[in-house]
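Asks: missing the sequence, but the structure's below:
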């Protein structure tokens with residue numbers, strides 16, 4: 001069964017950091033691009049960042065560029081989203097997405113709350 005599982009969400013104060021993980025089971029991530037999306041209450045899901053398969057090029061939305069870093073470890077079948085300098089407006093459910101050609105898989109999401 002193809003599955004993506006996110007972890008690492010939680011509550012953090014403004015200016016803090018969190019690291020999210022996205023682990024695949026039932027398939028290997030090597031040739032898949034990995035995207036990160038988020039959805040805040042009452043808002044549409046928005047794209048945050050992505051990392052391609054080799055050579056692992058990375059791309060970021062303007063709102064997170066310079067604060068978030070995405071990476072991957074194919075040996076662990078896992079992708080990561082390191083989030084620094086978090087702001088209250090980063091509060092959302094974060095989802096990872098794996099994509100190759102016409103195939104597409106989503107994780108269940110993990111809540112990130114930035115609040116004092």
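Replies: All right, it came through fine. Just so it is clear, the model here is predicted, and its values are computed rather than measured.
Asks: Name the residue closest to the centre of this structure, please.
Replies: residue 36 (3.4 Å; C-alpha atoms, centre = their mean).
Asks: So the closest residue to that residue other than its chain neighbours versus residue 105, what's the distance?
Replies: Leaving out its chain neighbours, the residue that sits closest to residue 36 by C-beta to C-beta, 6 or more residues apart in numbering is residue 48, at 4.4 Å. Placement of C-beta: from N, CA and C, glycine included. Distance check for residue 48 against residue 105: by C-beta to C-beta, to the nearest Å, it reads 17 Å.
Asks: before we move on, the earlier item: for the residue nearest to the centre of the chain, which residues count as its bridge partners?
Replies: With DSSP bridges as the criterion, residue 36 is bridged to residue 49, residue 96.
Asks: Same check on residue 104?
Replies: Beta-bridge partners, per DSSP bridges, of residue 104: residue 99.
Asks: Report the separation between it and residue 97.
Replies: 7 Å.
Asks: more crowded one of the two?
Replies: Taking other C-beta atoms under 10 Å, residue 104 and residue 97 do not tie; residue 97 has more neighbours (20 against 11).
Asks: Provide a list of residues in contact with that one.
Replies: Shown in contact with residue 97 (C-beta atoms under 8 Å, 6 or more residues apart in numbering): 4, 34, 35, 36, 37, 104, 105, 106, 107.
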